[in-house]
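Student: Dropping a prediction and its sequence here:
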Amino acid sequence: MEKKKILILSVYFILIFIPISQGDSSNAMAGFSVNDKYNVLNISPEEKTVYVPPAKNLTDIFDLKADYPGNTGLNITITREGSSWITFDGNTTKNVSLASGESKIINFTVAVPNSTPIGLYFANITAQSGDGQLKKLNLTINVTEDVGKLNISVNDSIGNTISGASIFIWQNSILKDTGSTDSNGNFLSKWLVKGSYVVEATKAGYSNVQKNAMVEGNRNTTNVFITLEPTGAPVLDVSPSSISESAYTGNQVSKILIISNTGDMVLSGVNLYSDVEWISFSQSYISSIAAGDSKNVYAYLGPLSQPGEYTGTIYVNSSNDGSESIPVIFDVETSEGGGGGGGGGATGGTPTVEIKKSLKIVNYPNEVNISKGEKKLIGIEIKNDGEVSLNVSLNTKTNFPTKVSPEFSEMLPGSTKVFLVRVNVPEDAELGNYDLLIRVSGDGISLERIINLRVVSETGGLEEDIENLKSLIDKIWEETVEAGTKGYNVTEVFNILKKSKESLEKAEDLKTRGYYENVTYYLNQTRTYLEKAAMKLGEMKIREIPVFPLKYKIILIVVVIGAIVLVILFRKRFRRTLKRMKRLYNIKSKVGK
């Protein structure tokens, strides 16, 4: 009987267990599946030694990973133990979220205080996940003077710097440091212990190069120069292969040239030029074009004052792959209502006089370096080179927010005006080259130029900003003086410019004394005052000055001289005529009485 009960119970549990195990495991007794487990937390490496001299700091890395099995990811808190020298992005702790299977590189900084004795110090970096997993990096801090750095510069075979080259620093086949070259082709290593190393530089399109280097110690920096040889060849390609355009007299036409490198190595030293004066370019030189990349350059045709068919040639050549030539045909027609080239047609016996309208962009930068998060003020100098006043406006087009001061202005013949373009590059902008299109318009005339905005990790710094603002203040000051000589009240503009000079002087003084945190405030204040001054100048209403062609001036002079001669020759007759008129008037008066 007992055996039967045991057999029945066994069959019963087996029948229950089979559907549970074959079905949804979440319905099992524990309600838990391996697929719902938290990922396994791993830290790599688990031990590390860093070398830092007293009063210096070092930034290094470790790796965290939410490893399989599991699919829920991990929320991790990183802390330090045993040393206050360790920080994570300036903080004592750091929170990290990892998706399932994801790994992240974590930066940490070790800052050794001044007067710290030479020796070994020990600390831990701990990573604890939300489900209670705890992993540690055992850190040995070797405080020593026997360290130095390697400053690595990477160029190509013709001397151009190579940015984005991968750098690996090895010692006894162990990787000690890695990174990539900046926009100037340089990479500065972390502190390395005294000894010999192998520096390896690699980049797509170039052969890999390894070079021996020695770290001298005593906090010295050793320069390492590496030359990468291209493994392929550049191929210059220019589109379109020919240009045919038409325009009215006095107008300009812009045409985009696409300059491509269809090869598998860098195309270097690209020059653009023409055999005629009426063709110009937004950019006449390109230092390099990466393999598979291209650059857009505007070719400007005209303006020309005489109708006719004009021909010319655009030449594009590079220092390492020959040249291309582009034939140009430019058909210029007389604008509607114009008087023609030389005939000067007539309507009803009245001669048609053509009044010249002309605008020129006389000064602008071809390239501007600007860093992420920076505001830059760019001066564009425009001249009314014609014979009549023009309503001139300036517009921009680029990837970043811009502001133009003034947006439009009335310009007298022969006058020059500075338009200010403020470019704001956001913090999250990607490094690289961007086009800033400048379009100047005025009473039917349109001009375009392209400025290359080069977003870099670091610019020339505060000194470059100060010199740029000094130059802009001088230009707007000259424009204000010119407006004052023409009788306009420019007192308010001068007062604004004086404030901008004072702000810039404060910024320069603070920079000299090392108070860098306040310099940016006064530089921004200077920019604001400059924009306000430019706006005030643009708002001044210029009274139209009538323009008389030379021949009309000669006719007027001849008429005046003729009238004077007639008065002299017939003055006696005029006197007798006046006497007769006076007698007749007296006689009529007596008769009336």
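Tutor: Now that the structure is in, tell me what you want to look at.
Student: lowest-pLDDT helix or strand in this structure?
Tutor: strand 346-347 (a mean of 36; mean pLDDT, DSSP states H and E).
Student: Quick check, pLDDT for the most centrally placed residue in the chain.
Tutor: For the chain, residue 453 is the residue whose C-alpha lies nearest the centre (CA atoms, centre = their mean; 2.7 Å). In this model, residue 453 is scored at 85, pLDDT.
Student: In which helix or strand does the residue nearest to it when sequence neighbours are not counted reside?
Tutor: Once flanking residues are discounted, residue 453 sits nearest to residue 434: 4.4 Å by CB to CB, 6 or more residues apart in numbering. (Each C-beta comes from the backbone N, C-alpha and C, glycine too.) Element membership for residue 434, per DSSP states H and E: strand 432-442.
Student: Please list the residues outside that strand that contact it.
Tutor: 295-296, 357, 359, 361, 364, 368, 378, 380, 382, 384, 390-400, 402, 411, 421, 423, 446-455 (CB atoms under 8 Å, 6 or more residues apart in numbering).
Student: Repeat that for stretch 467-487.
Tutor: Against stretch 467-487 from outside (CB under 8 Å, 6+ apart): 376-377, 379, 381, 412, 415-418, 420, 490, 493-494, 497, 500-501, 504, 523, 526-527, 530, 533-534, 537, 540.
Student: Any buried residues in that stretch, and which?
Tutor: 468-469, 472-473, 475-477, 479-480, 482-483 (16 or more other CB atoms under 10 Å).
Student: Ok, stretch 174-190 next?
Tutor: Under the neighbour-count criterion of 16+ other CB under 10 Å, stretch 174-190 has 176-177, 181-183, 185, 187, 189-190 buried.
Student: How about stretch 283-290?
Tutor: When burial is assessed from 16+ other CB under 10 Å, stretch 283-290 yields the following buried residues: 283, 286, 288-290.
Student: And these, which is closest to residue 320?
Tutor: Nearest to residue 320 out of the buried residues of stretch 283-290 is residue 288 (CB to CB; 9.7 Å).
Student: Could you look up the SS state of residue 84?
Tutor: Recorded secondary structure, residue 84: coil (DSSP: H, G, I helix; E, B strand; the rest coil).
Student: dump the residue contacts of it.
Tutor: Counting by CB under 8 Å, 6+ apart, residue 84 touches no other residue.
Student: for residue 62, same thing?
Tutor: Residue 62 makes contacts with 43-45, 48, 105-106, 108, 125, 137, as judged by CB under 8 Å, 6+ apart.
Student: hey, what's it bridged with?
Tutor: When bridges are called by DSSP bridges, residue 62 pairs up with residue 106.
Student: on that earlier part again, now go through the contacts of residue 62 and say which are in helices.
Tutor: Using DSSP state H, no member of those falls within helices.
Student: What helix or strand is residue 41 located in?
Tutor: Judged by DSSP H and E, residue 41 forms part of strand 40-44.
Student: just checking, residue 392 touches residue 360?
Tutor: No. Using CB atoms under 8 Å, residue 392 is not in contact with residue 360; the gap is 11.1 Å.
Student: Identify the contacts common to these two.
Tutor: Listed as contacting both residue 392 and residue 360 by CB under 8 Å, 6+ apart are residue 382.
Student: higher neighbour count, the two?
Tutor: Here residue 392 and residue 360 are set side by side on neighbour count (other CB atoms under 10 Å), and the busier one is residue 392, at 23 against 16.
Student: pLDDT wise, what is the more buried one at?
Tutor: As predicted, residue 392 sits at a pLDDT of 86.
Student: In the sheet, which residues pair with it? Tell me.
Tutor: With DSSP bridges as the rule, residue 392 is bridged to residue 409, residue 442.
Student: Kindly report the same for residue 259.
Tutor: Where residue 259 sits in a bridge, its partners, by DSSP bridges, are residue 238, residue 295.
Student: ok, how many other residues are close to it?
Tutor: 22.
Student: Show me the shaky parts of this protein.
Tutor: Where the chain drops to pLDDT under 70, the residues are 1-37, 335-355, 457-461, 514-517, 541-553, 570-572, 574, 578, 582, 584-593.
Student: what about 50?
Tutor: Residue ranges of the chain with pLDDT under 50: 3-35, 337-353, 542-547.
Student: ok, which stretches of it are helices?
Tutor: Using DSSP H, helices in the chain cover 2-22, 462-485, 491-513, 516-539, 550-569, 571-592.
Student: how big is the angle separating the fourth one from helix 491-513?
Tutor: Meaning helix 516-539. 160 degrees (axes from the mean of the first three to the mean of the last three CA atoms, to 10 degrees).
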